[in-house]
Structures are given as C-alpha cells and as structure tokens.
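>>> can't give you the sequence, but here's the structure:
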C-alpha cells in the first residue's frame, strides 16, 4: 500500500531555520564590488560639490569635500540597509544585513551606527600614519596587516561577524535565491 503526500503541503525548510552566516570570502568579494559601484557615487558627489561650490582648485575646500563625500556614502548605505537590508552588490551576492537580536530590519540609528563603525576597516591604519610618522610604503604594510587581522576577526566567535557588526548589533546573513 502506497501513500502519497501532497508536495505543496510539505515545506522545504522549517520556518524556524535561521539564515546562515556567509563566508568571509563572500563578504569581501561583495565589498570589492561595492567599491566599484561606490566609485560612481563618489564621482557624482564630487562633481556636484565642485559645481555647487564653483571649486576651481582641488586643494580648496578639500576638507569640506571629504565630509560631503562621507555624508553621501553614509546616506547611500543607511538608505539601502534600512530599506530592504541590501545594496546592489549585496543583492548580487545574496547577502542581507539584519538586526542581530531578532533578524528584522535595521533602524536608522542602528544603520548609522553600523556605517560609522564600519570605518574600523580603514581608519586605524590611516591614524597610525601621522602619529608614528610612517612613510607611505610602511603605512601600506600596516594597512595590509590590519585588513588581514580585521577579516580574521570575522572568522572567529559564535556569530562569525565582523567587529563593527558585533558592536552595532547587526549581522550579515545569506539569503536563498
């Protein structure tokens, strides 16, 4: 005697299955893709700034330009993280950033905190440069060592999240197709 089960009634995965944490490699590849995309965003922001301020020399208002570009990039990330949890590169690599506590959407405050803390990838080596009077090649070595260390942090611990995600109370998860 054979029994048949309606395949539509059997879920493929239980609803309580927690999304998996993507590999460090996958997150870094998405970050590289993000850098390519951000080139266009930064170019447009710089062009807009230069046009509106009638900047004729790259040395004038360079601090304001840096602040403006940082703000534009921050708005870009905060907008996408709070409206679906994904930028285009994150969609391509099937990644989503969610609140670590409940897996829900990020609040604006948490997204801003994550953006500010994500600068931990870059600021420590840049801060070491003037403090210790390092030359550019030495700074690049420090940056490389720091980058490897920071990426390695994403491989340890139960959550396997980067330091900025752990502090901000967020996590990056893999999503299915």
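Ah, there it is. It should be emphasised that the depicted structure is a prediction, and the values quoted were computed from it without experimental measurement.
>>> which is the next helix or strand following the strand or helix carrying residue 149?
Here residue 149 sits within helix 136-153, counting by DSSP states H and E. Proceeding N to C from helix 136-153, the next assigned helix or strand is helix 163-168, under DSSP H and E.
>>> Count residues in the vicinity of residue 63, would you?
8 (other C-beta atoms under 10 Å). For every residue, glycine as well, the C-beta is placed using N, CA and C.
>>> One more: residue 52?
Neighbour number of residue 52 under other C-beta under 10 Å is 9.
>>> hang on, the earlier thing: contact partners of the helix holding residue 149?
Residues outside helix 136-153 that contact it (C-beta atoms under 8 Å, 6 or more residues apart in numbering): 24, 28, 120-122, 124-126, 128-129, 134, 162-163.
>>> So among the residues you listed, which ones count as buried?
121, 125, 128, 129, 162, 163 (16 or more other C-beta atoms under 10 Å).
>>> measure the closest residue in space to the third one that isn't next to it in sequence to residue 122 for me?
Put plainly, it is residue 128. Nearest non-adjacent residue to residue 128, counting by C-beta to C-beta, 6 or more residues apart in numbering: residue 142, 5.4 Å away. Separation of residue 142 from residue 122 (C-beta to C-beta, to the nearest Å) stands at 12 Å.
>>> related to what we said a few turns ago, out of the contacts of helix 136-153, which are inside helices?
24, 28, 124, 125, 126, 128, 129, 163 (DSSP state H).
>>> farthest pair in those residues?
For the ones in helices among the contacts of helix 136-153, the farthest-apart pair by C-beta to C-beta is 24 and 129; their separation is 25.8 Å.
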